[in-house]
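Chemist: Predicted model and sequence follow; I will ask about them next.
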Amino acid sequence: MTATTRVKLSFMMFLEFFIWGAWFVTLGTYLLRNLNASGTQVGVAFLTQSIGAIVAPFIIGLIADRFFSAQKILGVLHLVGAFLLWRASKAPDFDSFYPNILAYMVAYMPTLALVNSIAFRQMQDPQKEFAPIRVLGTLGWIIAGLTIGWLNWEQSNSLQATFVMAAGASALLGVFSFTLPATPPIKRGQSSSLGQMLGLDAIGLLKNRSYLIFFLASIAICVPLAFYYGFTNPFLNEVGMKGAAGVQSLGQVSELLFMLAIPLFFKRLGVKKMLAIGMAAWVLRYLFFAYGDGMGNYWMLILGIVLHGVCYDFFFVTGQIYTDNLAGEQFKSSAQGFITLATYGVGMLVGTLLSGRIFDSYQLTGGTHDWRMIWLIPAAIAAVVLIVFLLFFRERNTATVPTEVAYGSAPSLAEAG
């Protein structure tokens with residue numbers, strides 16, 4: 001890979017996740033404050049991520065893999081996305097905001113796979129070359145959060161500007177995409193069934209009892225995950241944390257550090273302990289949030305954010321490795337698509353709808369909330385999932401670590417930390 005190509009791919013990754021981090025982290029706060037949305041409506045807004053994740057395989061499978069070069073589709077989707085984000089910033093109420101953000105997520109979610117595809121196609125040794133490029137994506141997310149905190153948009157009630165900033169970055173990436181290396185379709189003239197596009201041809205993995213337990217646990221753990229996505233930023237702002245979006249970027253720093261250490265932990269602990277530690281971290285994180293505050297227990301809020309690296313890497317990255325090892329060469333891609341559809345599709349769908357209703361149920365007079373109860377509920381759900389997993393999961397195979405998975409080739413949808 002030439003130095004020019006490396007710089008272009010790194011800039012692509014930076015903008016890809018800067019765009020997402022620029023508006024997604026503070027979405028709940030924006031909807032509650034600026035559009036007077038209910039908790040249920042906030043949940044419905046975050047549900048667009050799940051809808052986008054379900055639609056993404058169709059766009060990739062039907063269009064990108066067969067008819068048009070990936071970099072051209074990436075450019076068109078981001079230009080369309082820039083327009084939709086700009087329209088969303090002008091929406092006066094939730095009813096006019098929602099269609100724009102729904103259409104945007106349908107356009108954006110496929111780009112997560114496209115940027116990986118473009119990057120991998122330029123590499124001769126992805127195990128060595130991908131990580132230094134992909135890490136720019138995490139840096140982009142961090143810079144977005146720090147920018148929001150530095151400009152004080154949360155405290156000054158100026159979060160509308162986050163959509164304008166994201167729209168500008170999306171337009172830039174849209175234009176820039178047409179300068180990326182050519183990535184022509186690799187399945188031109190081939191046909192795939194609906195089941196293949198959704199990864200359903202890997203459903204045979206569920207015949208393995210332990211994998212079935214892991215699969216169900218993955219769906220269930222995404223229910224408390226939805227609470228974190230939707231309501232962490234409103235919570236931190238309500239309890240008085242200054243520059244909450246910037247502080248939340250500590251979660252991405254933690255994720256990056258733990259991801260680099262995954263191979264070492266994986267070798268020493270194995271699959272079951274890694275997955276269990278990840279789920280236990282979710283329980284602990286929500287307990288920190290339940291009993292933390294903006295004064296004497298401020299440290300609990302910080303630790304809850306920093307635990308993001310353990311929560312995501314130990315469960316989701318380990319799960320990707322476990323799935324990859326069980327699937328075998330024939331079903332590797334299908335298996336990853338299958339677990340993604342189940343978690344970010346089904347699990348997050350249930351979680352976003354439930355979290356919004358719970359948030360509304362514990363609203364107090366004066367616009368405040370009983371955050372202790374709001375956080376204890378996902379903590380309890382995660383604890384139940386952990387107990388069931390420990391009782392029934394049996395680790396029979398020693399998995400090896402595919403370096404490109406361990407170092408983040410799959411897009412982290414838990415980047416919202």
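Modeler: Received the coordinates, thanks. Just so you know, these numbers come straight off a predicted model, no measurement behind them.

Chemist: I'd like to know which elements the biggest helix by length in the chain is packed against.
Modeler: Among all segments of the chain classified by DSSP state H, the helix with the greatest residue count is helix 250-291. Counting contacts by 3 or more C-beta pairs under 8 Å, 6 or more residues apart in numbering; DSSP states H and E, helix 250-291 is packed against helix 126-150, helix 209-238, helix 298-306, helix 308-312, helix 318-340, helix 371-392, helix 403-406. C-beta here means a position set from N, CA and C on the backbone, and glycine is covered the same way.

Chemist: Pick the most deeply packed of those helices.
Modeler: Neighbour counts averaged per stretch over the helices and strands packed on helix 250-291 are highest for helix 308-312, at a mean of 26; criterion: mean count of other C-beta atoms under 10 Å.

Chemist: which strands and helices sit next to it?
Modeler: Under the contact criterion of 3+ C-beta pairs under 8 Å, 6+ apart, helix 308-312 touches helix 250-291.

Chemist: and the helix it packs on with helix 298-306, angle?
Modeler: Here helix 250-291 runs at an angle of 130 degrees relative to helix 298-306 (axes from the mean of the first three to the mean of the last three C-alpha atoms, to 10 degrees).

Chemist: Averaged pLDDT, helix 250-291. What do you get?
Modeler: For helix 250-291, mean pLDDT rounds to 89.

Chemist: try stretch 151-158
Modeler: For stretch 151-158, the per-residue pLDDT averages 91.

Chemist: again with stretch 73-81
Modeler: The pLDDT scores in stretch 73-81 average 94.

Chemist: got the buried residues for that stretch?
Modeler: Taking 16 or more other C-beta atoms under 10 Å as the basis for neighbour counts, the residues of stretch 73-81 that come out buried are 73, 74, 75, 77, 78, 79, 80, 81.

Chemist: Let me know the closest of those to residue 169.
Modeler: Of all the buried residues of stretch 73-81, the one sitting nearest residue 169 is residue 78; the distance, using C-beta to C-beta, is 8.8 Å.

Chemist: got a list of what that closest one touches?
Modeler: Applying C-beta atoms under 8 Å, 6 or more residues apart in numbering to residue 78 gives the contacts 19, 111, 170, 171, 173, 174, 177.

Chemist: Inside helices: which ones of those residues?
Modeler: Filtering the contacts of residue 78 for helices - DSSP H - leaves 19, 111, 170, 171, 173, 174, 177.

Chemist: And the residues you listed, which two are furthest apart?
Modeler: With distances taken as C-beta to C-beta, the most widely separated pair in the ones in helices among the contacts of residue 78 is 111 and 171, at 13.7 Å.

Chemist: quick revisit: with respect to residue 258, which of the helices and strands packed on helix 250-291 lies nearest?
Modeler: Closest approach to residue 258 among those (C-beta to C-beta): helix 308-312, 3.6 Å.

Chemist: CA atoms only: put the closest one into CSV for me.
Modeler: Provided in CSV are the C-alpha atoms of helix 308-312 (Å, rounded to 0.1, in the frame of the first residue of the first chain):
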residue,chain,number,x,y,z
HIS,A,308,-17.0,0.9,28.3
GLY,A,309,-13.8,-0.8,27.1
VAL,A,310,-14.5,-3.9,29.2
CYS,A,311,-18.2,-3.9,28.4
TYR,A,312,-17.7,-3.8,24.6
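
Chemist: Report the mean per-residue pLDDT for stretch 32-40.
Modeler: If you average the pLDDT over stretch 32-40, you get 92.

Chemist: Could you tell me the end-to-end distance of that stretch?
Modeler: End-to-end distance of stretch 32-40 (C-alpha to C-alpha, to the nearest Å): 11 Å.
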